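A.B. asks: Sequence and predicted model, in that order:
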Amino acid sequence: MKFLDALSPLDIAALVVFALAWLAYEPLLKVFARGKGLINTDMTVIRLAWMKNMASRENKFMDGQILGHTLNSASFFASSNLILIAAAAGALFGGERTFESASSLMVLKTSSRLLFEAQVALVVITLARGLLDFIWSIRQMNYCLAVIGAAPEIENGPSTAPYGVAAARLLNPALSSFNRGVRGYYFALAAVGWLFGPETFILLTLLAVALLVTRQRRSPAARAIAEVRRLLDQP
């Protein structure tokens, strides 16, 4: 009850908007896209083609190198995420002194220590969820490397295509987790906006969603990936 008492009606409304945008973004985007026109959905088809080609290639060194580069990127993001969590947690558990320093800044809109801790805690939670997505992505990509290494020789022709399909069923969730982790940075930045007031919080949340949707559907990369998928879908 003390927590709710510290929130104004506008703060509560901003939290509801953020929660809906953060948690419902991906499922709603898939519903509205109907399987096409998004980078995420088009890339599932491209990765399936990649794994099928991988299974039929004699030399799979290049495939392992490509996936290893992505694995390094996920590890970098996870390490950066952990540093940000540590910094935000330091402010969260800094006590009265940290609150007094923050509340002395004119640009920050925090009326009580409880509200300040809630604002910082939301940033920590958002980053923590992204960190878990990166960790799960890294684990799945390690599994994918083992799958690539265990791919049968091309002499076993009939089994290569099903093997590629099975490998794609592992690779796509791995890279989807990576995408969710990266998306977490957008919503963490929106969560930071709560420190500047609920109006800024709502505005940054809507801007984050608009930016994500635009890059998924209207960016040059989205159009190029859609064209690649169209070529792959041709008989």
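C.D. replies: Alright, I've got the coordinates. Residues are numbered from 1 along each chain as shown.
A.B. asks: contacts, neighbours, all on C-alpha from now
C.D. replies: OK.
A.B. asks: Over to the spatially most central residue of the chain. Which of the three states is it?
C.D. replies: With distances taken as Cα atoms, centre = their mean, residue 180 lies nearest the centre of the chain, 1.9 Å away. Of the three states, residue 180 takes helix according to DSSP: H, G, I helix; E, B strand; the rest coil.
A.B. asks: wait, isn't it in contact with residue 130?
C.D. replies: Yes. If you go by Cα atoms under 8 Å, residue 180 and residue 130 touch, sitting 6.7 Å apart.
A.B. asks: Find the nearest non-adjacent residue to residue 64, please.
C.D. replies: By the measure of Cα to Cα, 6 or more residues apart in numbering, the closest residue to residue 64 outside its immediate chain neighbours is residue 145, 6.3 Å from it.
A.B. asks: Just give the number of residues close to that neighbour.
C.D. replies: Residue 145 is flanked by 18 other residues according to other Cα atoms under 10 Å.
A.B. asks: contacting residues around it?
C.D. replies: By Cα atoms under 8 Å, 6 or more residues apart in numbering, the residues touching residue 145 are 64, 67-68.
A.B. asks: how distant is stretch 189-204 from the center of its chain?
C.D. replies: Computed by Cα atoms, centre = their mean, to the nearest Å, the chain-centroid distance of stretch 189-204 equals 19 Å.
A.B. asks: typo on my end, it should be stretch 47-57
C.D. replies: Distance, stretch centre to chain centre, for stretch 47-57: 25 Å (Cα atoms, centre = their mean).
A.B. asks: can you give me the mean pLDDT across it?
C.D. replies: Mean per-residue pLDDT for stretch 47-57: 92.
A.B. asks: Give me the below-cutoff pLDDT ranges for this structure.
C.D. replies: Residue ranges of the chain with pLDDT under 70: 1-6, 33-36, 95, 99, 102-108, 110-111, 155-159.
A.B. asks: again, only this time at 80
C.D. replies: Within the chain, the ranges that satisfy pLDDT under 80 run 1-7, 30-37, 94-113, 153-159, 235.
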